[in-house]
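Asker: generate a structure from the sequence data that follows.
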Amino acid sequence: MKNKLLNIPPIPAVLLAILSVQSGAAIAKSLFPTIGASGTASLRIGISAILLLAVFRPNLLKISKNQWKIVVPYGLSLGAMNLIFYLAIERIPIGLAVTLEFIGPLLVAVFGSKRLIDYLWVLLALAGIILIAPWTTNNGIDLLGVLFALLAGVFWAFYIVLGGKISKIMKDGEAVATGMLFASLLIIPFGIIGNGLSNLTPTLGFLGIALALLSSAIPFTLEMKALGQLPARTFSILMSLEPAAASICAFLFLQEHLSFNEVLSVIFVVIASAGSTLTSKSRT
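Answerer: The predicted model follows:
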């Protein structure tokens, strides 16, 4: 399984990671009533760390000083991003949270752009975000949830930048496994303090394993693979499929119909992602 994941080309790897994360999000949401957001995040990241460490077996004693300087903040940003995002979707709809969180990757794309065509893809992705978010309605959206989603986006930006750097100086699997170790060290204390982990049962443990595979172990390994081969801005714009994927999954699995604006949003982000992919190929 490890070799198959790492042999997937970078662009399909990003797309598969998006589908995996969205499937895991549905499982995570179902666990909130029992173990809470922090407990769910702890379960997900903790099990992911165990699985990745067992598969890739990084030799921590052989990691150089320069590698430690990047892999530690990479892991901490990964953990903070996930914990804060779960706190966000505990208070606001997943689609809105994903949309607001994407401000982080969008900023990476903007600051990394060097050609006019790159700004076109960024503007198209931004138009999709604006259309998919309920800016024109006042339906009692939790402000703290909105702030959590935006803060998660900030850590997402750090994750992208640091992931791109660490992928250049460490093997993909070793980097993500070591990073996940530090992510778990950051998050698990919150799960313990919140008493969510005290409610664990064998069934919840099984769901936790599925959640860890779908939401962390598989997608983060795929993303690390992609980050080592794609420009940061291209990776960021490809990730603009996240809000659209969340809306489509809601339609397929929850029978939530898309509005006209949401359909336009899907079209815009797909065009932006395809455009960034084509221009990326033309530069390699």
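Asker: okay, buried residues for the helix or strand harbouring Ala152 please.
Answerer: Element membership of Ala152, judged by DSSP states H and E, is helix 143-169. Buried positions in helix 143-169, judged by neighbour count with 16 or more other CB atoms under 10 Å: 145-146, 148-167. C-beta: built from backbone N, CA, C; applies to glycine.
Asker: hang on, Ile63 packs against Ala175?
Answerer: No. Ile63 is beyond contact range of Ala175, at 9.7 Å (criterion: CB atoms under 8 Å).
Asker: following the helix holding Ala152, which helix or strand comes up?
Answerer: helix 172-193.
Asker: so which other helices or strands are in contact with that next one?
Answerer: Applying 3 or more CB pairs under 8 Å, 6 or more residues apart in numbering; DSSP states H and E, one finds that helix 172-193 contacts helix 2-6, helix 10-56, helix 65-89, helix 143-169, helix 218-227.
Asker: out of those, which gets nearest to Leu96?
Answerer: Closest of the helices and strands packed on helix 172-193 to Leu96 is helix 143-169, at 7.2 Å (criterion: CB to CB).
Asker: which strands or helices does that closest one pack on?
Answerer: Using 3+ CB pairs under 8 Å, 6+ apart, helix 143-169 sits against helix 65-89, helix 94-101, helix 103-112, helix 172-193, helix 218-227, helix 232-238.
Asker: got JSON lines for the ones you listed, with distance to Phe251, mean neighbour count and mean pLDDT too?
Answerer: Formatted as JSON lines, these follow (distance: least, CB to CB, whole Å; neighbours: other CB atoms under 10 Å; pLDDT from 0 to 100):
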{"stretch": "helix 65-89", "distance to Phe251": "18", "mean neighbour count": "22", "mean pLDDT": "93"}
{"stretch": "helix 94-101", "distance to Phe251": "10", "mean neighbour count": "25", "mean pLDDT": "81"}
{"stretch": "helix 103-112", "distance to Phe251": "23", "mean neighbour count": "20", "mean pLDDT": "76"}
{"stretch": "helix 172-193", "distance to Phe251": "31", "mean neighbour count": "23", "mean pLDDT": "89"}
{"stretch": "helix 218-227", "distance to Phe251": "21", "mean neighbour count": "26", "mean pLDDT": "79"}
{"stretch": "helix 232-238", "distance to Phe251": "21", "mean neighbour count": "26", "mean pLDDT": "73"}
